[in-house]
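1. Attaching a predicted model along with its sequence, questions to come.
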Amino acid sequence: MTSLPLIGEAVAVAAEPRLAGAKIGVVTFPGTLDDRDAARAVRLAGATAVPLWHADTELGDVDAVVVPGGFSYGDYLRAGAISRFAPLMSKIIDAANSDAKLPVLGICNGFQILTESHLLPGSMIKNDHLKFICRDQVLRVENANTAWTVDYQAGQEITVPLKNQDGQYIADEKTLDALEAEGRVVFRYVGFNPNGSRRDIAGISNAAGNVVGLMPHPEHAVEAGFGPSTNDGTDGLGFFTSVLTKIVGGDK
């Protein structure tokens, strides 16, 4: 029988000295639920989590940004639609589209915000079964060359929690064909499509690969004994170590 760590006993992965100065911003909007979880995932990966407030007018000197999940502004109007106009989002959009190509990860509601901000194409609507769903979900890594996936292997299957009500990814056929042709489908649902997303798409990237959005929650699968039972529940940690690898210029 394998013993599991007690609460508080989980230890961060051994961080390389060259990662000590990496700073990852974690954005909080009114209604954000998973910002603390995302910040903990950043720390477990070996970086410094920098709290960012939606009304901030400057990003500061962060090396990457996580737009976490939750129900920003209660999902009133449309999921992510109000957050898109937050002062900080204009800075994130500019930085992501700049020559520096700031790495940005949108998780669940964060993914919705990235589509509303046009950092990523397509849109999110209610699940095809019109119900909230919460489960451990198997994903296949389709693209291991983005800023957030370089520590995975193409074709690798990982298990992370999923929890959403507006999680159905949609886009017109031309956009879907382009995403497929350009290798911008980053994650695909395996075994079960939980929300009716077109072509089983769970996550996508922009053309440069620095911006990634997905509906499942990797930040809930970063500590042994506290995530899904598969692989000690740490399949999501690779997102956060990947961006550190990218920041310091490491190769796969």
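-> Thanks, I have it.

2. Tell me, please, where in the stretch 151-252 of the chain the pLDDT is lower than the cut-off.
-> In the predicted model, the stretch 151-252 of the chain carries pLDDT under 70 at residues 250-252.

3. ok, residue 129 - how many residues close by?
-> 12 (other Cβ atoms under 10 Å). The C-beta positions use only the backbone N, C-alpha and C, and glycine is treated the same way.

4. I'd say it and residue 193 touch.
-> No. Taking Cβ atoms under 8 Å as the definition, residue 129 is not a contact partner of residue 193, at 10.4 Å.

5. can you pull out the helices in this protein?
-> 35-45, 87-97, 109-116, 173-181, 237-247 (DSSP state H).

6. possible to save these as JSON lines with mean neighbour count and distance to residue 123?
-> JSON lines is the format used below for the helices of the chain (neighbours: other Cβ atoms under 10 Å; distance: least, Cβ to Cβ, whole Å):
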{"stretch": "helix 35-45", "mean neighbour count": "22", "distance to residue 123": "23"}
{"stretch": "helix 87-97", "mean neighbour count": "18", "distance to residue 123": "17"}
{"stretch": "helix 109-116", "mean neighbour count": "28", "distance to residue 123": "5"}
{"stretch": "helix 173-181", "mean neighbour count": "14", "distance to residue 123": "10"}
{"stretch": "helix 237-247", "mean neighbour count": "24", "distance to residue 123": "23"}
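
7. Adding distance to residue 133, write those helices out as CSV.
-> Below are the helices of the chain laid out as CSV (distance: least, Cβ to Cβ, whole Å):
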stretch, distance to residue 133
helix 35-45, 19
helix 87-97, 27
helix 109-116, 15
helix 173-181, 22
helix 237-247, 21
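
8. Figure out which of these is closest to residue 145.
-> Closest to residue 145 of the helices of the chain is helix 237-247 (Cβ to Cβ; 10.1 Å).

9. Touching that closest one from outside, list them.
-> With contacts defined as Cβ atoms under 8 Å, 6 or more residues apart in numbering, helix 237-247 is touched by 13, 19, 22, 24, 41-42, 44-47, 63-64, 103, 105, 146-152, 158, 218-219, 221-222, 252.

10. which of those residues are buried?
-> 19, 22, 24, 41-42, 44-47, 63-64, 103, 105, 146-152, 158, 218-219, 221-222 (16 or more other Cβ atoms under 10 Å).

11. about what we covered before: for residue 214, which of the helices of the chain is the nearest?
-> helix 109-116 (5.9 Å).

12. okay, the closest one in PDB with CA atoms only?
-> Output of helix 109-116 as PDB, limited to C-alpha atoms (Å, rounded to 0.1, in the frame of the first residue of the first chain):
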ATOM      1  CA  ASN A 109     -12.600  30.900 -17.200                       C
ATOM      2  CA  GLY A 110      -9.200  32.200 -18.100                       C
ATOM      3  CA  PHE A 111      -9.500  30.400 -21.500                       C
ATOM      4  CA  GLN A 112     -12.900  32.100 -21.900                       C
ATOM      5  CA  ILE A 113     -11.300  35.500 -21.200                       C
ATOM      6  CA  LEU A 114      -8.600  34.800 -23.800                       C
ATOM      7  CA  THR A 115     -11.100  34.100 -26.500                       C
ATOM      8  CA  GLU A 116     -13.100  37.200 -25.500                       C
END
